[in-house]
Every structure is written in structure tokens, then in C-alpha cells.
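> return atomic coordinates for the entry below.
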Amino acid sequence: MRVHFIAIGGSAMHNLAIALHKKGYKVTGSDDEIFEPSRSRLKKHGLLPEKQGWHPENITKDIDAVILGMHARKDNPELQKALDSGIKVYSYPEYLYEQTKDKKRVVIGGSHGKTTITSMVMHVLKTNGIAFDYMVGAQLEGFDTMVSLEEDTEIAVFEGDEYLSSPIDLSPKFLWYKPHVALLSGIAWDHINVFPTWENYLEQFDKFAETIRTGGTLVYYEGDPELVKIAAKQGQRLRVEPYSALPFSVEKGKTTIHFEGKDHELNIFGEHNIQNINGARLVCKELGIKDHDFFAAMQSFKGAAKRLQLLQSSDTCNIYLDFAHSPSKLKATTEAVKSQFSDRELFACMELHTFSSLNKKFLPHYKGTMQAADRAFVFFNPEVLEHKQLPPITKDEVAKAFDHPNLTVFTDSSELITELKNIEWKERNLLIMTSGNFSGVDIKKLAEELINK
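From the prediction side, this is the model:
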């Protein structure tokens, strides 16, 4: 098989390219910009395009399939030539389905927690010696890539994203997978550039539930009223399994789950993660994993990259990095760190970076989301607003939206870094939340500098 990737540098795209290369496919690709770590990883496998840009001559008659990434535009010259030549063009979720259509598919969806729950399921399966295909949205300890596809596996575990599949396929990615086992962790409005109303966004999860194979299983968080409604609709067609947080306690910064008379100490924390663990347990049960084997594996689970990732620590300070950017994620993550270390002050720092978060109409949804923090910092770059063609916002508008009594808003990342470096980090924790990098900040290096000052 020969497969060509248009926009090969994307996070999911380059991982899929590597997975197919490892499977023995002949893989080529193109992109007009490729950043780290995609660049180094593609180069390592001999897949980095020789020259940047779009080149129609890349599309030749011996190509069996083209995989189109979201970064490309509808008028991409390579795409146009592929369509004109009659070559089948796939989105990457469509191609993942094509590769796993004869396997038992597990899909983890929801507005928050899906990467973490997918990571938990993957960790437990691997620890228990079960081979499987996968696609997950973060780098995990013990896994070389974020996508793996093998010939001799019987299970495929996918993180189910509700964002669009490709520039010519405007359906949500997770509608392609048609799972036998699915989990929904919760629904909180996001991606307002694509789903302009709450009702429109909610509809996508209804559609997803309809794609679960008849006779399959839907695991859902019972604390979300919308998921309760979806489960009720599917109750005759599917087996529905509700979940909530398991009993747990926190002592000296360590979280322990109490389940059926036994204690299981964890490396991760936060009530939201305790919910996630119970959801992952039910999914793993569907795959034949017994509870005692599940918890034994979970005790060595350290989390996914950028999901409450401990960057640096000392006896009196921990610095965490989290991908949180939407209101629900921000609130859950901030509360998790504060409740885990209630005897320390919490400084929470977040970047408004996504289309939704920078939208003036969406800003009020952030009200109260950082209340658990003793001090809060919010950064946004006005140039990003211009790039996304959004109306400008002011520091005052951001401050009013968050409504935090001890909040500072920054539009210059160097001023924010100076502020952080001037703080004495004893008996204080720092939580950094972003889906970006504060306009070019080396966050890991910053954490090291702060802890060693």
C-alpha cells in the first residue's frame, strides 16, 4: 500500500504516518510548516518531506489513498489533483476505522477527561499483556507513538474527538469509529467556531451514541444530566453503565481509592480523576480485565503528558502543567490541585489560546473557574486574536469575565514570566494551564528556573 499525507505535520497525522510506516506501508507526505516534535519524529523515520509546501506532482497514479489533515485548505493543490485523479481521500479518523473495521473498537469521548481515560485504559491493557491498536491525543509513558496499528490485534482503543474530521468532511471525528464499547465523560460546550450553539454541540454527542453498535455498551458519567438523557434514549438498544467517583481519601499529598474493602494508592489525584478511573474500570471490565488486575495496574499509572503533569517539585513546591483551556477543565484542574495540597497557596496561570476562549461572547463562561486558586494569572496575545480574525478583547473584559478577587491579566508573556520569577515559591504550588505555549515560552525550562531560584 502507498499512502500520501496532505498536512503530515499535524499531531495525529504524523503519528498515523509513523504507524503505517511501521506496518510496512510506503508513506509520503507534504506540509507548508512542520514544528517540533513532529519534525524530529518524522525525520527519524525517514518521512520528513524534502521540501516544504504543496506540490501537485506528489500525487501520482500509484498512490492507493490520500489522508487529508485539518491544517490543509479545501483548495489545496495536492487535494484537488487527488480528487481529479479519482484517488480515494480519507480523513484520518475515517482511515483509522478502515484499518480497524474487523476489530473490537473502544472509543472514549466527552468534552473533558477523554485523553486521560483513554490513557488509563491503554496503561491497564499493556500492563496486563493485552495487545491492541490505539490512537490517543497525548504522549504516554511506555508508548513510543500516539497511534499504533498492527495486523494481529483484536482490540482498538481510540480517543474520540468531537472536532471536525477534515476540510472536506465537516462531521465530528468520533462519528467515524462505530464503537462496540464507548464512554462519555461529560458534555461542556466547546469549539464554538464550529458548533455556534449549545444545542448544536450537544447534538453531536447524541449522534455519537447512535453510532455505537447495537448490543454494545455505553459507559457514562451519571453526574451529567445530558448524558443521563442520552443513556435513557439508548437503553433499549445498548447496555448502559453509569459511573461516578469512587470513595477516596487524601493524606500527606497522596490519594488512596477505597474499593470493596481494599485500598489502592495512586500517583494521580483530583476528584475528576477518581471519576475517570471508575469509568476506565468499567471499560476495561468490558475487555475482560478483572477489578483487582485493573487497580494493580492503576497504581503505576502516572498520567498523560500535559494532564496534571508534574514538571518540577521540591519539599515545599510542585509545578504542574495541564492542557486545560475550556471552563470545565479549568475549574476541575484548579480545584484538584488545591484540594490535594490544601495547606499550600495555589497560584494558577492560564492562557486564552483557542478560538472559543478568545471569543468575547464565550468569555463569561469562565466566571468562577479559577476560584480555588489563591492568586490567578491570565495571559492572552492580541496578535493571536488578529490571526484568528476575532474582535479584540481588553484586559478589563477578561478580568470581569473571570471574576476572581486576586487576578492579574497579561498581554505580554515576558511580563508574566517576570512576575512568576519574583514570587517566593515556598509552601506554594504553581499550576500552568494552556493548549499553547504563552507565545513561545519554554515552559519546562521556566519550571526548572522557578524551582531552583
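> beta partners for the nearest residue to Tyr134 once chain neighbours are set aside?
Leaving out its chain neighbours, the residue that sits closest to Tyr134 by C-beta to C-beta, 6 or more residues apart in numbering is Val157, at 4.6 Å. The C-beta positions use only the backbone N, C-alpha and C, and glycine is treated the same way. In this entry, Val157 is beta-bridged to Val106, Tyr134, by DSSP bridges.
> pLDDT at Val157, what is it?
You'll see Val157 listed with a pLDDT of 98.
> check contacts around it.
Val157 makes contact with Val106, Ile108, Thr118, Val121, Met122, Leu125, Phe132, Asp133, Tyr134, Met135, Val136 under the criterion C-beta atoms under 8 Å, 6 or more residues apart in numbering.
> could you pull up the mean pLDDT of the helix or strand encompassing the second one?
Applying DSSP states H and E as the criterion places Ile108 in strand 104-109. Across strand 104-109, pLDDT averages out at 98.
> can you tell me what sits against it?
Contacts of strand 104-109 (C-beta under 8 Å, 6+ apart): 97, 114, 117-118, 121, 154-162, 174, 177-185, 205, 208, 283, 286-287.
> by contact count, what packs against the helix or strand just after that strand?
Next along the chain after strand 104-109, taking DSSP H and E as the criterion, comes helix 114-127. On a contact count with 3 or more C-beta pairs under 8 Å, 6 or more residues apart in numbering; DSSP states H and E, helix 114-127 meets strand 104-109, strand 155-160, helix 271-286, helix 291-298.
> any idea of the angle the strand holding Ile108 forms with helix 114-127?
Between strand 104-109 and helix 114-127, the angle comes out at 150 degrees (axes from the mean of the first three to the mean of the last three C-alpha atoms, to 10 degrees).
> dump strand 104-109 to CSV, restricted to CA.
Extracted in CSV, the C-alpha atoms of strand 104-109 (Å, rounded to 0.1, in the frame of the first residue of the first chain):
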residue,chain,number,x,y,z
LYS,A,104,-13.5,-4.7,18.6
ARG,A,105,-13.4,-0.9,18.9
VAL,A,106,-13.4,1.1,22.1
VAL,A,107,-14.0,4.9,21.9
ILE,A,108,-13.6,7.3,24.8
GLY,A,109,-15.4,10.6,24.2
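> now the end-to-end length of stretch 213-232.
With C-alpha to C-alpha, to the nearest Å as the measure, the ends of stretch 213-232 fall 16 Å from one another.
> oops, could you answer that again for stretch 207-216 instead?
15 Å.
> please shift the residue numbers so they start at 758 in all later answers.
Okay, using 758 as the starting number, the last item reads as stretch 964-973.
> which parts of it are buried?
Neighbour-count burial for stretch 964-973, with 16 or more other C-beta atoms under 10 Å as criterion, is recorded at Phe965, Ala966, Thr968, Ile969, Gly973.
> got it, and stretch 923-938?
923-924, 926, 928-938.
> coming back round to it: pick the one among the contacts of Val914 closest to Trp811.
Met892 (25.5 Å; C-beta to C-beta).
> I'd like to know how far the closest one sits from Thr785.
21 Å (C-beta to C-beta, to the nearest Å).
> tell me which residue lies farthest from the centre of this structure.
Lys818 (36.2 Å; C-alpha atoms, centre = their mean).
> residues contacting it?
Ser842.
> and the end-to-end length of stretch 925-938?
Stretch 925-938 has its terminal residues 28 Å apart, counting by C-alpha to C-alpha.
> do you know which of the helices and strands packed on helix 871-884 lies nearest Pro834?
Ranking the helices and strands packed on helix 871-884 by proximity to Pro834 (C-beta to C-beta) places strand 912-917 first, at 30.9 Å.
> and the closest one, how far from the chain's centre?
In terms of C-alpha atoms, centre = their mean, to the nearest Å, the centre of strand 912-917 is found 13 Å from the chain centre.
> cool, stretch 873-888 as well?
16 Å.
> can you pull the buried residues of it?
Residues 873-885, 887 are the ones in stretch 873-888 that count as buried (16+ other C-beta under 10 Å).
> pull that stretch out as PDB, backbone CA atoms only.
Output in PDB follows, covering the C-alpha atoms of stretch 873-888 (Å, rounded to 0.1, in the frame of the first residue of the first chain):
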ATOM      1  CA  THR A 873      -6.800  10.700  30.500                       C
ATOM      2  CA  ILE A 874      -9.400   7.900  30.400                       C
ATOM      3  CA  THR A 875      -8.000   6.600  27.100                       C
ATOM      4  CA  SER A 876      -4.500   6.700  28.700                       C
ATOM      5  CA  MET A 877      -5.800   4.700  31.700                       C
ATOM      6  CA  VAL A 878      -7.400   2.000  29.600                       C
ATOM      7  CA  MET A 879      -4.200   1.700  27.400                       C
ATOM      8  CA  HIS A 880      -2.000   1.500  30.500                       C
ATOM      9  CA  VAL A 881      -4.100  -1.200  32.100                       C
ATOM     10  CA  LEU A 882      -4.300  -3.300  28.900                       C
ATOM     11  CA  LYS A 883      -0.500  -3.000  28.300                       C
ATOM     12  CA  THR A 884       0.300  -3.900  32.000                       C
ATOM     13  CA  ASN A 885      -1.900  -6.900  31.600                       C
ATOM     14  CA  GLY A 886      -0.200  -8.100  28.500                       C
ATOM     15  CA  ILE A 887      -3.000  -7.500  26.100                       C
ATOM     16  CA  ALA A 888      -2.000  -6.300  22.500                       C
END
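> can you list contacts of it?
By C-beta under 8 Å, 6+ apart, the surrounding residues in contact with stretch 873-888 are 863, 865, 867, 889, 891, 893-895, 897, 899-900, 907, 909-912, 914-916, 940, 942, 1030, 1033-1034, 1036-1037, 1040-1041, 1044, 1046, 1050-1051, 1053-1055, 1057-1058, 1060-1061, 1064.
> and the helices in the stretch 1108-1210 of the chain?
Ranges of helices in the stretch 1108-1210 of the chain, per DSSP state H, counting those that start in this stretch, are 1139-1144, 1152-1159, 1170-1178, 1200-1208.
> go ahead and confirm Gly766 touches Ser787.
No. Assessed by C-beta atoms under 8 Å, Gly766 is found out of contact with Ser787, at 9.1 Å.
> how close does the nearest residue to Leu1109 once chain neighbours are set aside get to Leu1177?
Of all residues not flanking Leu1109 in the chain, Phe1137 sits nearest, at 4.0 Å (C-beta to C-beta, 6+ apart). In this view, Phe1137 and Leu1177 are 16 Å apart by C-beta to C-beta.
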